[in-house]
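Engineer: Below is the structure, and that's it, no one-letter string:
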């Protein structure tokens, strides 16, 4: 008797889980802006394809961080080289200028380029370190959060195949296959991709 109850409970849980995801997808597909529309969705299949954990996302974010960090350092290094060429040019111009007013103009440009070079060097040091006050700072914060969360499920990827009436094509019935990324608590769709 206990085994029968366990089997029934497991089956019920499976059905209710499928119902939750189907309802979420139906609600998503039948919402156009703030308006609910009836598209008469009928599921052919709905399969959980992948469970994405914090650890999985951590690998992706770490790769992204390193790629963007290297690109930004290269960009800043190129700017330093470019500005160094200007420093060399303006140094010669200051030395060779005949009039003080022209020397002053070149000196102003020279000082400005030297200042920019120092600023870029500091930025490189920042990107090699904690990336404080840069576009990568939130990425580093997210990485730290994911490290703490370990194997916690963030969302699941589902592949759905269904038929629906298309209200833009005179309610013609269409077969649609899409991937849905659904939050771990099954309360919202994170993103949708067409197959």
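Structural biologist: Great, that's in hand. Bear in mind the structure is a predicted one, so any value in this text is a computation, not a measurement. Numbers count the residues shown, from 1 in each chain.
Engineer: Just the pLDDT at residue 35, thanks.
Structural biologist: Residue 35 is assigned 80 on the pLDDT scale.
Engineer: for residue 11, same thing?
Structural biologist: pLDDT, residue 11: 46.
Engineer: got it, and residue 30?
Structural biologist: We note a pLDDT of 84 for residue 30 in this prediction.
Engineer: what about the residue nearest the centre of the chain, which helix or strand?
Structural biologist: Centroid-nearest residue in the chain: residue 61, 8.6 Å away (criterion: CA atoms, centre = their mean). Per DSSP states H and E, residue 61 falls inside helix 54-96.
Engineer: Buried residues, whichever helix or strand comes after that helix. List them.
Structural biologist: For helix 54-96, the following helix or strand on the C-terminal side (DSSP H and E) is helix 100-128. By 16 or more other CB atoms under 10 Å, the buried positions in helix 100-128 come out as 103, 106-107, 109-110, 113-114, 116-117, 120, 123-124, 126-127. For every residue, glycine as well, the C-beta is placed using N, CA and C.
Engineer: Also stretch 91-101?
Structural biologist: 93, 94.
Engineer: got a list of contacts for it?
Structural biologist: Residues outside stretch 91-101 that contact it (CB atoms under 8 Å, 6 or more residues apart in numbering) are 103, 106, 107, 110.
Engineer: Can you convert those into TSV and add a column each for distance to residue 88?
Structural biologist: Shown next, in TSV, are these (distance: CB to CB, whole Å):
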residue	distance to residue 88
103	16
106	12
107	14
110	10
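Engineer: just those residues now: which is nearest residue 39?
Structural biologist: Lowest distance from residue 39 to the contacts of stretch 91-101 (CB to CB) belongs to residue 110, with 67.2 Å.
Engineer: what about the closest residue to that closest one other than its chain neighbours, how many neighbours?
Structural biologist: Spatial nearest neighbour of residue 110, chain neighbours left out: residue 90 (3.9 Å); criterion: CB to CB, 6 or more residues apart in numbering. The number of residues packed near residue 90 is 20, by other CB atoms under 10 Å.
Engineer: hang on, isn't residue 90 packed against residue 106?
Structural biologist: Yes - using CB atoms under 8 Å, residue 90 makes contact with residue 106 at a distance of 5.0 Å.
Engineer: so what's the backbone phi/psi at the most far-flung residue of the chain relative to its centre?
Structural biologist: Farthest-out residue of the chain from its mean C-alpha position, per CA atoms, centre = their mean: residue 98, at 56.0 Å. The phi/psi pair for residue 98 (degrees, to the nearest 10) reads phi -80, psi -30.
Engineer: And it, how far from residue 106?
Structural biologist: According to CB to CB, to the nearest Å, residue 98 and residue 106 sit 12 Å apart.
Engineer: and if you look at residue 188?
Structural biologist: The gap separating residue 188 from residue 106 is 60 Å, by CB to CB.
Engineer: How about residue 194?
Structural biologist: Taken as CB to CB, the span from residue 194 to residue 106 is 59 Å.
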